[in-house]
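Colleague: Just need the structure, nothing else, for what follows:
(chains A and B)
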2 protein chains.
Amino acid sequence: MGKSMTGNSVGVVETRTVRVVEEDSPLRLQSGKTLGPIDVAYETYGALNNEGTNVILICHALSGNAHVAGWHREEGKSAGWWDDMVGPGKGIDTNKYFVVCSNFLGGCSGTTGPVSVNPATGKPYGLSFPVLTIADLVKVQKLLLDALGIKKVLAVIGGSMGGMQALQWAVEYPDIVESCLAVATTTHLGAQAIAFDAVGRNAILADMNFADGEYPPTAVPDKGLAIARMIGHITYLSEQGMRSKFGRELRNAKDYSYDFDSEFSVETYLDYQGRSFVERFDANSYLYITKAMDYFSLPRDYGSIEAAFSRTSSRFLIVSFTSDWLFTPKESWDMVCALLADAKDVSYCNIESPYGHDAFLLEPEVLGALISGFLARTHARVRGSSDHVRRQSSSVDIVNTGTRLRVDYELIESLIDPGSRVLDIGCGNGDLLARLVHDKGITALGIEVEQDLIVECVNRGVSVVQHDIEKGLACCADDSFDYVVLSQTLQTLRHPEKVLKELLRIGKKVIVSFPNFAYWRSRLQLSITGKAPVTSSLPYSWYDSPNIHFLSLSDFDDFCKEIGARIVRRIPLVRNKPSPVRLLPNIFAEQVIYLTTRS
Amino acid sequence: MGKSMTGNSVGVVETRTVRVVEEDSPLRLQSGKTLGPIDVAYETYGALNNEGTNVILICHALSGNAHVAGWHREEGKSAGWWDDMVGPGKGIDTNKYFVVCSNFLGGCSGTTGPVSVNPATGKPYGLSFPVLTIADLVKVQKLLLDALGIKKVLAVIGGSMGGMQALQWAVEYPDIVESCLAVATTTHLGAQAIAFDAVGRNAILADMNFADGEYPPTAVPDKGLAIARMIGHITYLSEQGMRSKFGRELRNAKDYSYDFDSEFSVETYLDYQGRSFVERFDANSYLYITKAMDYFSLPRDYGSIEAAFSRTSSRFLIVSFTSDWLFTPKESWDMVCALLADAKDVSYCNIESPYGHDAFLLEPEVLGALISGFLARTHARVRGSSDHVRRQSSSVDIVNTGTRLRVDYELIESLIDPGSRVLDIGCGNGDLLARLVHDKGITALGIEVEQDLIVECVNRGVSVVQHDIEKGLACCADDSFDYVVLSQTLQTLRHPEKVLKELLRIGKKVIVSFPNFAYWRSRLQLSITGKAPVTSSLPYSWYDSPNIHFLSLSDFDDFCKEIGARIVRRIPLVRNKPSPVRLLPNIFAEQVIYLTTRS
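Modeller: Numbers count the residues shown, from 1 in each chain, chains lettered A, B, ... in the order given. A predicted model of the protein is given here:
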């Protein structure tokens, strides 16, 4: 939040190359084949600190390269592919962090790939290059870090295929990776994504210039590669994004041309994307890289997704985009679920965006705010600073705790044992959890639906997952949490019974607070005026109330019996008066807090 | 509903061919070019009745042909492409209707197309064939009907590209088309659909065998056409459908092959689809047909979608499928809106299905029930039968009117003038509307969310649109309806204020009924027991109630003032006692009916 996206650039940078595998001691790949030598092209920005705790490893996506930020002198001012995000004062702040990015194995931008010369034959590898996996790519990145003398990585970050590498890093090198930021990605490609890749490869293999991959630079399979890229591009945009960007607009005419030339703007756009890609990318590389993606499956490689994640000790920030249909929010959510199932430290935001999969490059504001906050708090944690969770909300413009009451917080806090694991449903900007972390040293997780509040929680170091509790939390095991807090939310739920049963399952104790509908003022108002009551704790008109179920202490007592909950404590209270109401609480209490368990 | 899908077949059928345009008087196409001669391949099933009122014209989709049902003796038992739907006792019942389907112009299954011999050169047209539009295809179908002596069409039916032809028919030939059934289609292709078509055409044009379209039958552009078909197939399935059908399953191995052969099941499936398509379809035809689709735009051809629909007098049945992402439910809804804006007779159902765009061929049960009911009631209407709307619900197993009260109906009916136009929000199985049609001769439209109830309404001849009223009805003009009925629904709405304002805008009068929360039993229960009241008109527990806002007569009186509604009549009542409550109605009325207008 507040990071300037128009900040300075890292300036002139250069791509360096280092040999990480020698010819005489080749690397064994996942396929069982070996490869050597291997050179890696990489760039770095910022400075490594003395403790070596500020390394950010960025993994690029399919068509990216090592040139993330700044510009190459020789190429004029053409900025790196994520210059919006990486630089002094930007989302990934090069004043604070030492940033490393390398072109991946099999690529065509400096790192060894099918376009490289095979020393055994003196000719480019072409299709004699071994088939790769994401694990192979990551293994080579690890060799690069070794060569650079880097022992720890504060964060490994990637979007799309870069996110697959980030996940692979966290699972394969748990001792090295402090945190993993996986954006617009998946733990395994689904059938549709494989299908699109396969059709793209088919187009390259069918190109008349392909020549079994031994095409000369003067006659590359340009048409096939362009078609593959066009297919890819359609999957990177959303239907609504394309509709608003292109619609049915004709490029250069008012009337149809009645021939088979490109005439709709969307056609000429795709033509351009295809043509320009052919100039900078190698067709064989495209085959290898898409195949590595298709092969990516953490569940397959580690037995199950849960088994894969059980290896890691990283903090996770998972980000998806609402309109991404290539690697969908559902796939990110499944990832979050697997992490929650193993009680990992995970935050998740599903950013509202019309830009489809490409949003990971086109939403620097929200994504930058999430990344910078997550990195800052993770860095504080690594340094052992108490500032890793901020008690005071850092942003004053995000305040949406109207339905939550301070007095609630104090009493809820008094019910919670130090050092316990607490889930707060509808956690808002994380005030209660931050308070509990500081005062009681708890392990905190929030559930929230509002994107702005998610960003705020991440920025203050409170782990939070964007989710609607009405959909349940099937991924969380029984008794996953010592406490689950449902503060002033029960009466706003569509399905209170379903939700409360779920919370009683995943929490050893459940703390519920709600306004008492049988408060004497309510009774009186209905009886005397014959109108739906409006009180200080039920302050809405009947038609604009977020409260959609009304209950009293007696109702909740009955309800607990019905759903098999045991009431451990019941604290009736009057607003602004934390002392419990003792006399006829169902009449005199305006609010109530219950501590319940499964009976 | 109840129609057997395993019924008889139409049996052995044959494709006939008729010349509809002679060489010496060629047809002028939308492009301005001319074409002749034109032969049309077609099939018919069933018998034309004496009045000529039972003609069903089926329009096929991209890869279809005239062979809809039954089988060709010479080809063994290979059934027609919609044999599930068309036959004796099926959704389109050939015992009742005379069914006609022709291969469209530009196709490659008997009707004149690029594969036909150009009499001027003695060679196949290839790319010298003129570029076509959907309007051209429909014009040729009209010539076929003329040749068959058909003057009226009870229904023109089509899915996908067939739906575009159906819409074009309704707009272009309003005097001929009694009804239009447009399934999984759109009034104009969006950018994404055009993009997929364009990439497919690119693949064909890039094929080394293409030879400017003059390829010999022995060396067709098979790879390019297969790639185009693969892309198409991905768009016909849904992501979730592909995931559950194929997942990441390998076709013939346990381990990866580490090469570029097809190995995932989804890859071999697409390979098969591509290969088999090449055997039965012509690459040039594919270019022409997809281009005709890309050019399809009713808004462009007629000025606006509303202007296009203003020409028609057909009844419409619009059907979409929830998981169709090629021609989305949103696109069908926009079509429904344009029809509603012009007060056309339209029914709409968004069928819940995991099968994506292909669902129009894979959901014969629900689709068959909708089509058969719609055709039967439309046929009754054409014949002038009073049975065109059935007073008694035909299906006893669909009863979901628990919250609607008979006494309500009688009183509501008493408020409505004969011959008026009535919109019923949450119309259920159409009981109230059917009653009003019979008793008062009204023009009826229902709004409902439940698919089963939509099917029931269509089957009894009540026009109904599947929609959530909370999303508003922006497409309906001010005062579109004489009466809008909101019976026993206000208290279940999330945003009663927004909805009621919308209804007051589109209806000259709005009839609202709801349970009185200030009924004396409610007051007493809350006061005495201190629990959320449960009465015969509010019969739910606090936690499982569909009622999420509670109001009294006094509340509603205040509310009307606030939102600028004038109360014309207020009829307080006690359940099962239609006589109005006169004394202290806010205490003694259990229910109430209001007649309101904009003030």
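Colleague: right, and residue A:221 touches residue A:227 too?
Modeller: No: in this structure residue A:221 lies outside contact range of residue A:227 using CB atoms under 8 Å: 9.8 Å. Just so you know, the C-beta spots here come from the backbone N, C-alpha and C atoms, and that holds for glycine as well.
Colleague: Common neighbours of the two, please.
Modeller: residue A:204 (CB atoms under 8 Å, 6 or more residues apart in numbering or on different chains).
Colleague: Pick out whichever of these two has more residues nearby.
Modeller: residue A:227 (30 against 26; other CB atoms under 10 Å in any protein chain shown).
Colleague: who touches the nearest residue to residue A:550 once chain neighbours are set aside in this structure?
Modeller: Closest residue in space to residue A:550, ignoring its immediate chain neighbours: residue A:517 at 4.1 Å, by CB to CB, 6 or more residues apart in numbering or on different chains. Shown in contact with residue A:517 (CB under 8 Å, 6+ apart): A:533, A:538, A:550, A:551, A:552, A:555, B:526, B:532.
Colleague: Would you reformat those as JSON lines and include distance to residue A:99 and secondary structure?
Modeller: Formatted as JSON lines, the contacts of residue A:517 follow (distance: CB to CB, whole Å; DSSP: H, G, I helix; E, B strand; the rest coil):
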{"residue": "A:533", "distance to residue A:99": "58", "secondary structure": "coil"}
{"residue": "A:538", "distance to residue A:99": "52", "secondary structure": "coil"}
{"residue": "A:550", "distance to residue A:99": "54", "secondary structure": "coil"}
{"residue": "A:551", "distance to residue A:99": "53", "secondary structure": "coil"}
{"residue": "A:552", "distance to residue A:99": "58", "secondary structure": "coil"}
{"residue": "A:555", "distance to residue A:99": "57", "secondary structure": "helix"}
{"residue": "B:526", "distance to residue A:99": "63", "secondary structure": "helix"}
{"residue": "B:532", "distance to residue A:99": "58", "secondary structure": "coil"}
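Colleague: Look up how far chain B lies from residue A:321.
Modeller: 15 Å (CB to the nearest CB, to the nearest Å).
Colleague: who's residue A:101 bridged to?
Modeller: In this structure, residue A:101 bridges to residue A:43, residue A:58 when assessed by DSSP bridges.
Colleague: didn't it look like it was pressed against residue A:55?
Modeller: No: using CB under 8 Å, residue A:101 is not in contact with residue A:55; the gap is 11.4 Å.
Colleague: Neighbour count: these two, which is higher?
Modeller: Of the pair residue A:101 and residue A:55, residue A:101 is the one with more neighbours under other CB under 10 Å, namely 31 against 24.
Colleague: That one: what's it in contact with?
Modeller: A:42, A:43, A:44, A:57, A:58, A:59, A:60, A:66, A:67, A:68.
Colleague: Now for the residues you listed: which two are most distant?
Modeller: Maximum pairwise distance in the contacts of residue A:101, criterion CB to CB, is 15.3 Å, between A:57 and A:67.
Colleague: and residue A:465, which of the three is it?
Modeller: strand (DSSP: H, G, I helix; E, B strand; the rest coil).
Colleague: neighbours around it, how many?
Modeller: 24.
Colleague: Same check on the one 3 residues further on?
Modeller: Each residue near residue A:468 was counted by other CB under 10 Å, and the total is 12.
Colleague: Contacts only, for it.
Modeller: Counting by CB under 8 Å, 6+ apart, residue A:468 has contacts residue A:449.
Colleague: Stretch A:585-598: end-to-end distance?
Modeller: By CA to CA, to the nearest Å, the extent of stretch A:585-598 from end to end equals 24 Å.
Colleague: Any buried residues in that stretch, and which?
Modeller: Neighbour counts over stretch A:585-598 (16 or more other CB atoms under 10 Å in any protein chain shown) mark A:585-596, A:598 as buried.
Colleague: ok, those vs chain B, which is closest?
Modeller: Nearest to chain B out of the buried residues of stretch A:585-598 is residue A:586 (CB to the nearest CB; 4.3 Å).
Colleague: Quickly find the element holding that closest one.
Modeller: Assigned by DSSP states H and E, residue A:586 belongs to helix A:585-588.
Colleague: So which elements touch the helix or strand just after that helix?
Modeller: Next in sequence after helix A:585-588, counting helices and strands by DSSP H and E, comes strand A:591-598. In this structure, strand A:591-598 makes packing contacts with helix A:406-415, helix A:496-506, strand A:507-515, helix A:553-563, strand A:565-573, judged by 3 or more CB pairs under 8 Å, 6 or more residues apart in numbering or on different chains; DSSP states H and E.
Colleague: which of those is buried the deepest?
Modeller: strand A:507-515 (a mean of 24; mean count of other CB atoms under 10 Å in any protein chain shown).
Colleague: give me every residue that touches residue A:485.
Modeller: A:412, A:422, A:423, A:424, A:425, A:432, A:510, A:511 are the contacts of residue A:485 under CB under 8 Å, 6+ apart.
Colleague: Quick check: phi and psi at it.
Modeller: phi -110, psi 130 (degrees, to the nearest 10).
Colleague: pLDDT at it, what is it?
Modeller: Looking at residue A:485, its pLDDT stands at 97.
Colleague: what do you get for the one 5 residues further on?
Modeller: Predicted confidence (pLDDT) for residue A:490: 94.
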